[in-house]
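> Here is a sequence with its predicted model. Questions after.
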Amino acid sequence: MKTVSKIEDIRKELNKARMDGLRIGFVPTMGFLHEGHLSLVRKCRDENDIVVVSIFVNPAQFGAGEDLDSYPSDIKRDTALLEAAGTNILFLPEREEIYPEGFSTNISVAGVSDGLCGRSRPGHFDGVCTVVTKLLNIVQPERAYFGEKDYQQLQVIKRLARDLNIPSEIIGGSIIREDDGLAMSSRNVYLTPEQRESALSLNRSFKVVQDALKEGVEDVSELRADVEEFINSHEYARIDYIEFVDPEFLRPVRKIEGDFLMALAVYVGKARLIDNNYFEVQK
Ligand code: PAF
């Protein structure tokens, strides 16, 4: 595996590969890798000839008071994991390489960015879209891979790629969970053992919804109230949002009439955790 930090150098490497007719796959990350990232790297390796992974903690997607300065990092460990998972090129740029002096462009996707995390974290998706556009322009992959834990991010990036005619296929990878069901996240490292118990309220709340659906509940405000009560019964959990939306445009649904996505964000101690579940509904 080669580690490259300059845009000019990664372009040279990838131009060579492209001239040899090799298919380039790309997994953008912010590092502190876990099995969720590695599952994307393996999928990328299975579907492409060259696997490029970037690690860049993107300041533009963090709001004031968020964890930019304490975001966990362990480049040595990440490098070993990526090498073992079959990565060919690790792109590890400095901040100035991505945002040089005078950088003043902002990419914003309306609609699908507006609710859920977009409402709670103003500017977050502009930061994501701006850096992802840059990274896709730099790497120019045939396929790029993003985890479904950040379901809204995946939909926003799909919209971005369609709207801007970015010729990379945007592919989602399933949520990878710990044995007890907690969705893997770099931020899980912030949890104390007591807080981790409260963190399980996110994934366990899907069962609360499943049970209510079985009993015939169709009113979303009733479902939300059940989930709220369940999560609030956990000592360290503080709800940011619980939303029931249509899976494509992420518009709120009021009555369950077909498939829907439940997405939630909950603060547990210093960690803001997100999770989601796609519910198939036979009508
Ligand atoms: O999902 C992430 O880790 C980040 O949002 C991404 C896509 C790497 C952009 O910084």
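Sure, I can see it.

> near the ligand, which residues of the stretch 1-150 of the chain show up?
Residues of the stretch 1-150 of the chain lying close to the ligand by Cβ under 6 Å from any ligand atom are Pro28, Thr29, Met30, Asn58, Gln61, Val128, Val131, Val132, Phe146, Asp150. Glycine gets a C-beta too; all of them are placed from N, C-alpha and C.

> By neighbours, which of these wins?
Val128 (27 neighbours; other Cβ atoms under 10 Å).

> For stretch 238-255, give me every contacting residue.
For stretch 238-255, the surrounding residues in contact (Cβ atoms under 8 Å, 6 or more residues apart in numbering) are 111-112, 115-116, 119-120, 152, 155, 205, 218-221, 223-224, 227-228, 231-232, 256, 259-268, 272, 278.

> whoops, I mixed them up, stretch 160-174
Under Cβ under 8 Å, 6+ apart, the answer for stretch 160-174 is 26, 36, 39-40, 43, 47, 107, 109, 129, 132-133, 136-137, 140-148, 154, 157-158.

> Helices - which of these land there?
Within the contacts of stretch 160-174, residues falling in helices by DSSP state H are 36, 39-40, 43, 47, 129, 132-133, 136-137, 154, 157-158.

> which residues of the stretch 151-283 of the chain fall in strands?
169-173, 237-245, 260-268, 271-279 (DSSP state E, counting those that start in this stretch).

> which of these sits most buried?
strand 260-268 (a mean of 22; mean count of other Cβ atoms under 10 Å).

> Which strands or helices does it pack on?
Here strand 260-268 touches helix 116-120, helix 151-163, helix 193-214, helix 220-232, strand 237-245, strand 271-279, going by 3 or more Cβ pairs under 8 Å, 6 or more residues apart in numbering; DSSP states H and E.

> returning to what we had before: the strands of the stretch 151-283 of the chain into CSV, with extra columns for distance to the ligand?
Listed next are the strands of the stretch 151-283 of the chain as CSV, based on distance: least, Cβ to the nearest ligand atom, whole Å:
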stretch, distance to the ligand
strand 169-173, 11
strand 237-245, 17
strand 260-268, 14
strand 271-279, 11
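
> just so I know, which of those lies nearest Val189?
With respect to Val189, and counting by Cβ to Cβ, the nearest of these is strand 271-279 at 8.3 Å.

> how far off helix 193-214 does that closest one point, in degrees?
Computed by axes from the mean of the first three to the mean of the last three Cα atoms, to 10 degrees, the angle separating strand 271-279 from helix 193-214 equals 20 degrees.

> Quick check: can you name the pairing partners of strand 271-279 and their directions?
With DSSP bridges as the test, strand 271-279 is paired with strand 260-268 (antiparallel).

> now the strand it pairs with against helix 151-163, angle please.
120 degrees.

> what does the average pLDDT come to for strand 260-268?
In this model, strand 260-268 has an average pLDDT of 98.

> cool, stretch 216-228 as well?
pLDDT averaged over stretch 216-228 gives 98.

> dump the residue contacts of Gln93.
Not quite, residue 93 is Pro, not Gln. Contacts of Pro93 (Cβ under 8 Å, 6+ apart): Ser5, Lys6, Ile7, Ser54, Phe56.

> Check what pLDDT the first one gets.
For Ser5, the model assigns a pLDDT of 98.

> The residue of the stretch 151-283 of the chain found nearest the ligand - how many residues pack around it?
The stretch 151-283 of the chain approaches the ligand most closely through Gln153 (5.8 Å), counting by Cβ to the nearest ligand atom. For Gln153, the neighbour count with other Cβ under 10 Å is 25.
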